[in-house]
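*Asks:* can't give you the sequence, but here's the structure:
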């Protein structure tokens with residue numbers, strides 16, 4: 001959007017810049033929030049609508065499938081209709097879809113409205129990212145990316161907190177209706193401030209076959225990821241069929257997009273070394289972060305007796321630290337090699353997960369919270385450094401396409417990690433419980449524990465139940481600490497990957513976002 005003098009509008013300044021940046025950040029925040037806010041509310045929604053918890057998972061799956069298909073098409077949509085128009089229309093449609101979700105009268109209607117919500121929200125994250133880069137002066141590009149990264153990282157943490165609080169204290173419909181006032185504000189401000197600054201449009205042909213293949217393989221993949229755990233993965237015929245469709249569909253789509261003259265998703269930017277390696281490290285780092293964002297509240301709620309609200313509050317310090325540090329990181333971003341910032345980020349992530357590997361079943365709120373504060377340091381530098389690396393030397397006219405592909409890869413990696421972490425958690429628990437049973441058994445350790453409980457007035461049956469419950473709790477603790485330790489090593493290995501990229505060049509001219 002911003003262009004050299006005489007070629008287009010200059011970057012915004014002062015109050016208009018601050019107001020527009022807040023509106024764009026809200027656009028990102030709402031979309032990311034809606035990927036996690038419904039998760040903790042599924043039991044409440046299922047009970048209110050009179051359906052089983054298994055069926056209620058389609059509320060999450062429907063949004064993920066539709067959004068996964070829409071995100072990669074951002075580049076084509078913005079080239080055809082303009083960045084500002086596409087973003088503003090997406091925000092308003094998302095707001096309307098959120099209202100429909102809030103007034104849904106049964107499960108089929110809610111699933112249908114969630115599909116609509118996911119489909120129309122595709123351009124929101126890449127659009128807000130491209131527009132933030134465009135409205136800031138070139139030397140403030142780090143600030144723009146910092147604002148975007150702050151909202152993108154804080155939203156997944158706020159999702160469970162808000163979702164749990166609303167479900168515990170209000171009607172579940174408010175997890176969707178809360179978007180309406182913020183969506184109207186975002187759409188109005190962005191159109192008023194940026195409506196006359198839209199990018200040139202081009203009459204781009206529609207890649208119908210590429211779009212059909214994209215819908216097919218992404219939809220099948222999301223079904224595998226979201227429903228695989230409940231269906232016992234490849235023991236289920238529908239998961240096997242969906243996996244085969246996803247694999248064949250992806251291979252066909254990849255060949256088509258690389259050979260078509262006007263592809264729906266431009267994959268040629270992967271020829272850029274920084275984009276290819278940076279996106280890989282970005283996706284892997286986000287996958288580990290997202291998996292642990294899911295694992296900790298899950299363990300706290302199912303094994304430690306925490307409510308959804310309190311489990312979310314344990315993670316809150318990481319968001320607070322990130323918000324405090326991000327402005328300072330943004331100031332030094334243009335002076336420090338982005339690879340160094342990425343190294344700091346992955347090292348801090350790794351140390352945070354290492355600290356969590358020392359958790360016990362008697363851990364206090366402070367014990368649980370301290371590693372999250374360390375994670376806040378990582379969050380303040382993660383998105384900013386990875387975006388600086390991956391978007392290095394991307395031509396202005398390809399920014400929307402590049403951000404669309406990058407965000408699609410990141411979201412897909414998050415879906416993979418969410419499915420993988422819960423499956424690994426259950427399997428590691430089963431392994432540890434088997435080993436604990438072998439050690440405790442009916443031998444001396446069991447008899448000593450049973451005798452102690454008997455002296456407290458418990459019957460043999462009650463004592464056996466109490467001992468079993470302790471073993472299950474310890475098994476889930478050991479499974480959690482195993483995964484935290486693996487996550488720490490993965491983060492350290494990502495430091496090596498980052499240094500295969502070249503040093504990112506600071507922007508030398510105004511940034512355009514076509």
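*Replies:* Perfect, I can see it now. Everything numeric in this text was worked out from a predicted model, so none of it was measured.
*Asks:* pLDDT-wise, which helix or strand of the chain ranks last?
*Replies:* helix 53-56 (a mean of 63; mean pLDDT, DSSP states H and E).
*Asks:* Quickly note the distance from the residue sitting furthest away from the middle of the chain to residue 463.
*Replies:* What lies farthest from the middle of the chain is residue 455; by C-alpha atoms, centre = their mean that is 50.2 Å. Note on residue 455: its distance to residue 463, by C-beta to C-beta, to the nearest Å, is 10 Å. In this view, the C-beta of every residue, glycine as well, is placed from N, C-alpha and C.
*Asks:* Likewise for residue 273?
*Replies:* In terms of C-beta to C-beta, residue 273 sits 63 Å off from residue 463.
*Asks:* what do you get for residue 68?
*Replies:* 50 Å.
*Asks:* quick one, which of these two is more surrounded?
*Replies:* Between residue 68 and residue 463, counted using other C-beta atoms under 10 Å, residue 68 has the larger neighbour count: 24 against 18.
*Asks:* My read is that the more buried one contacts residue 218, right?
*Replies:* Yes. Residue 68 lies in contact with residue 218 (C-beta atoms under 8 Å); the separation is 4.6 Å.
*Asks:* which secondary structure element contains the closest residue to residue 266 other than its chain neighbours?
*Replies:* For residue 266, ignoring the flanking residues on the chain, the nearest one in space by C-beta to C-beta, 6 or more residues apart in numbering is residue 401 at 4.7 Å. Here residue 401 sits within helix 399-440, counting by DSSP states H and E.
*Asks:* now do residue 480
*Replies:* Per DSSP H and E, the secondary structure element for residue 480 is helix 460-498.
*Asks:* Buried residues, that helix. List them.
*Replies:* 463-464, 467, 471, 474-484, 486-488, 490-492, 494-495, 497-498 (16 or more other C-beta atoms under 10 Å).
*Asks:* and if you look at stretch 289-306?
*Replies:* Buried-residue list, stretch 289-306, by 16+ other C-beta under 10 Å: 289-301, 303-304, 306.
*Asks:* which residues are in contact with it?
*Replies:* 40, 153, 156-157, 160, 307-308, 310-312, 314-315, 349, 353, 356, 361, 368, 379, 382, 413-414, 417-418, 420-422, 425, 473, 476-477, 480, 483-484, 487 (C-beta atoms under 8 Å, 6 or more residues apart in numbering).
*Asks:* returning to what we had before: what residues are up against the residue nearest to residue 266?
*Replies:* 74, 75, 76, 79, 265, 266, 269.
*Asks:* The third one: neighbour count?
*Replies:* As a burial measure, the neighbour count of residue 76 was computed by other C-beta under 10 Å and equals 24.
*Asks:* Look at the nearest residue to it once chain neighbours are set aside and report its pLDDT.
*Replies:* By the measure of C-beta to C-beta, 6+ apart, the closest residue to residue 76 outside its immediate chain neighbours is residue 264, 5.5 Å from it. Residue 264 carries a pLDDT value of 71.
*Asks:* neighbours around residue 264, how many?
*Replies:* When neighbours are counted by other C-beta under 10 Å, residue 264 comes out with 24.
*Asks:* just checking, it touches residue 214?
*Replies:* Yes. In terms of C-beta under 8 Å, residue 264 counts as a neighbour of residue 214; the distance is 6.4 Å.
*Asks:* so what's in contact with these two at the same time?
*Replies:* Joint contacts of residue 264 and residue 214 (C-beta under 8 Å, 6+ apart) are 72, 73.
*Asks:* show me what contacts residue 314?
*Replies:* Residue 314 neighbours (C-beta under 8 Å, 6+ apart): 296, 297, 300, 306, 365, 368, 369, 372.
*Asks:* So which of those residues sit within strands?
*Replies:* Among those, none falls in strands (DSSP state E).
*Asks:* now the residues you listed as JSON lines including distance to residue 434 and pLDDT?
*Replies:* Formatted as JSON lines, these follow (distance: C-beta to C-beta, whole Å; pLDDT from 0 to 100):
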{"residue": "296", "distance to residue 434": "24", "pLDDT": "86"}
{"residue": "297", "distance to residue 434": "26", "pLDDT": "79"}
{"residue": "300", "distance to residue 434": "24", "pLDDT": "85"}
{"residue": "306", "distance to residue 434": "27", "pLDDT": "81"}
{"residue": "365", "distance to residue 434": "31", "pLDDT": "86"}
{"residue": "368", "distance to residue 434": "27", "pLDDT": "89"}
{"residue": "369", "distance to residue 434": "32", "pLDDT": "88"}
{"residue": "372", "distance to residue 434": "31", "pLDDT": "90"}
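*Asks:* closest to residue 331 among those residues?
*Replies:* Of all those, residue 331 sits closest to residue 372, with 24.4 Å by C-beta to C-beta.
*Asks:* Distance check, that closest one against residue 363.
*Replies:* From residue 372 to residue 363 the distance is 12 Å (C-beta to C-beta).
*Asks:* do the same with residue 468
*Replies:* From residue 468 to residue 363 the distance is 22 Å (C-beta to C-beta).
*Asks:* One more: residue 101?
*Replies:* 37 Å.
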